[in-house]
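[1] fold the stuff below for me.
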Amino acid sequence: MKDSKDFAEKEISRRALLCGFGAIAAAAGFSLDSASAAVGVTKVAGGKFSVDLTANKVLAKVGGAVLFTAKDGSPAALVRTAAGSKGLTAISLVCTHMGVTVAESQGKWICPAHGSLYALNGAVLGGPASTPLKKYPVTVTASKAIIG
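    All right, here's what the predicted structure looks like:
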């Protein structure tokens, strides 16, 4: 059996420590409670995506979000940020600080690695990130949102 001296001599990097705490925090409570996988998503011309709004009822309410995979393969979300056809925003879920996937928690997006905090529309609320989440263009019809 190793004594405590063996353990005391090993150093843990700051990054490893923060990532460990981030993983614990993610497991403890940063879940996708109100964001769900999008249904009725189809690829359309030009590499764009069509999201069936009638099949994704969570988008009827401000704060609702559905998850999808963007054209480049990265995680993304379509979020209801306001009422009406201009109230849908499509954002990348890749933190602009270190490229970690953010998760929804209590109406915001949080990076489990370093704690960057974003509003539902992707705006930075707290660092270390200083750049908002990437936005994708959205065109809305009566029953569909075209992303890309």
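[2] make it CA atoms for all contacts and neighbour counts henceforth
    Fine.
[3] now the helices for this protein?
    Applying DSSP state H to the chain gives helices spanning 4-8, 14-29.
[4] how about low-confidence regions in this protein?
    The model of the chain has pLDDT under 70 over residues 1-36.
[5] let's see 50
    Low-confidence segments of the chain, defined by pLDDT under 50: 1-33.
[6] just give me the residue right at the centre of it.
    By Cα atoms, centre = their mean, the chain has its centre lying nearest to L93, at 3.3 Å.
[7] gap between the nearest residue to that residue once chain neighbours are set aside and A142?
    Counting by Cα to Cα, 6 or more residues apart in numbering, L93 lies nearest to A76, which is 4.9 Å off, once chain neighbours are set aside. From A76 across to A142, the span is 22 Å (Cα to Cα, to the nearest Å).
[8] between the two, which is the more surrounded one?
    Between A76 and A142, A76 has the larger neighbour count (other Cα atoms under 10 Å), namely 24 against 9.
[9] how about the more buried one, what does it touch?
    Shown in contact with A76 (Cα atoms under 8 Å, 6 or more residues apart in numbering): 67-70, 90-94.
[10] can you pick the most crowded of these?
    In terms of neighbour count, A90 stands highest of the contacts of A76 at 29 neighbours, by other Cα under 10 Å.
[11] residue contacts, that residue?
    A90 touches 76-79, 121, 135-138, 147, counting by Cα under 8 Å, 6+ apart.
[12] ok, so of those, who is nearest V102?
    Ranked by distance to V102 (Cα to Cα), the contacts of A90 are led by A76 at 9.7 Å.
[13] quick one: the strands in the protein?
    Per DSSP state E, the chain carries strands over the ranges 35-37, 41-44, 48-52, 65-69, 75-80, 88-92, 103-105, 108-110, 117-119, 124-126, 135-136, 138-140, 144-147.
[14] need those in a markdown table (columns: distance to V58).
    Shown next, in a markdown table, are the strands of the chain (distance: least, Cα to Cα, whole Å):
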| stretch | distance to V58 |
| --- | --- |
| strand 35-37 | 8 |
| strand 41-44 | 14 |
| strand 48-52 | 12 |
| strand 65-69 | 7 |
| strand 75-80 | 9 |
| strand 88-92 | 12 |
| strand 103-105 | 14 |
| strand 108-110 | 16 |
| strand 117-119 | 18 |
| strand 124-126 | 24 |
| strand 135-136 | 20 |
| strand 138-140 | 16 |
| strand 144-147 | 14 |
